[in-house]
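1. 3D, please:
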Amino acid sequence: MTPESALTQIPGFARAEIGMVLSDGATSKTLLIKHFARRYVLRVDKPAARELGLQRGAEEEVLRMVAAAGLSPEPLYFDHENGIFLREFTAGTNWTVSELQNKKALKRLADTLRVLHSLPAVNAKFEPTKAVESYAAQVGTDESRELADKAKSALEKLESKAHVDCLCHNDLLNHNILESEAVNLIDWEFAGMGDPLFDLATVIEHHSLPDKLVQIFLRHYLERLPVEDDLRRLAQQRTVFNCLSELWYLRTSTTHRPSEVIMDEWI
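-> Numbers count the residues shown, from 1 in each chain. Presented below is the predicted three-dimensional model:
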């Protein structure tokens, strides 16, 4: 579906003005929309969104909860079947990789994650085992199967360690952290119930945090000194993230090379 046809599906937005492209990724295209002197963000899915198993109904449930908690902009329109999503534009800047090398920023993010991880349960569930198996099967190479096996081995070790599933973002890359009036998190398409240490592992691995900052981040999040079980769980989740991230790249790069971000604002 084109952005123009997507707007005709949204009541009152048929004559909205399409502005610049905010992002153009493997699963969707996101644009800035102007309508009656107000700005909005429109996301239109590509076929890969369905192929890769993104659950838009579950995403809407999560978005409405986290918006009510002040952690993310509120959704205005969702069409799960056609892959259309609209929200108001939120002024702000995305965090950079260098900002995540700052202990004060990491402590603020840890505070935000504790709020997120304390929210009520939702129906959506983050299932990394299914994800790695699906991506590996779609890529179909020895490398992909080895990555999936490595991830599943780490996940099996995690099953023996007690933890309580909670609502997690599961894609905490720097461009999904928005500095507005407070720290907002955006792009919730992988959110669901899971191990909270996966969120921390994503931050640590994707941004190559040094050991000293890892200790600060983990301790501030836990509000106590980490014990051996915390460290073992985190190590396994770091492995899971790395495997899942590489499998995602292998799967999406076979059909799409993501464009550069044109604005400092992603959905």
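2. Where in this structure is the helix or strand with the lowest mean pLDDT?
-> Lowest on mean pLDDT, DSSP states H and E among the helices and strands of the chain sits helix 47-51, with a mean of 86.
3. Mind listing residues that contact whatever helix or strand comes next after that one?
-> Counting by DSSP states H and E, the next helix or strand C-terminal to helix 47-51 is helix 56-68. Contacts with helix 56-68, where a contact means CB atoms under 8 Å, 6 or more residues apart in numbering, come from 45, 49, 72-75, 78, 80, 83, 85, 116, 119-120, 122-124, 167, 185, 188-189, 191-192. Quick note: C-beta positions are derived from backbone N, CA and C, even for glycine.
4. Buried subset of these as a PyMOL selection?
-> With 16 or more other CB atoms under 10 Å as the criterion, this PyMOL line picks the buried residues out of the contacts of helix 56-68:
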select buried, resi 45+49+72+73+75+78+83+85+116+122+124+167+185+188+189+191+192
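5. Looking at the contacts of helix 56-68, which are in helices?
-> If you go by DSSP state H, these have 49, 116 in helices.
6. Pull out the buried residues from the least confident helix or strand of the chain.
-> By 16+ other CB under 10 Å, the buried positions in helix 47-51 come out as 48, 49.
7. One more: stretch 14-30?
-> Residues of stretch 14-30 classed as buried by neighbour count (16+ other CB under 10 Å): 16, 19, 22, 23, 24, 25, 26, 27, 28, 29, 30.
8. Would you check which pair of these lies furthest apart?
-> Comparing all pairs in those by CB to CB, the longest separation belongs to 16 and 26, at 25.4 Å.
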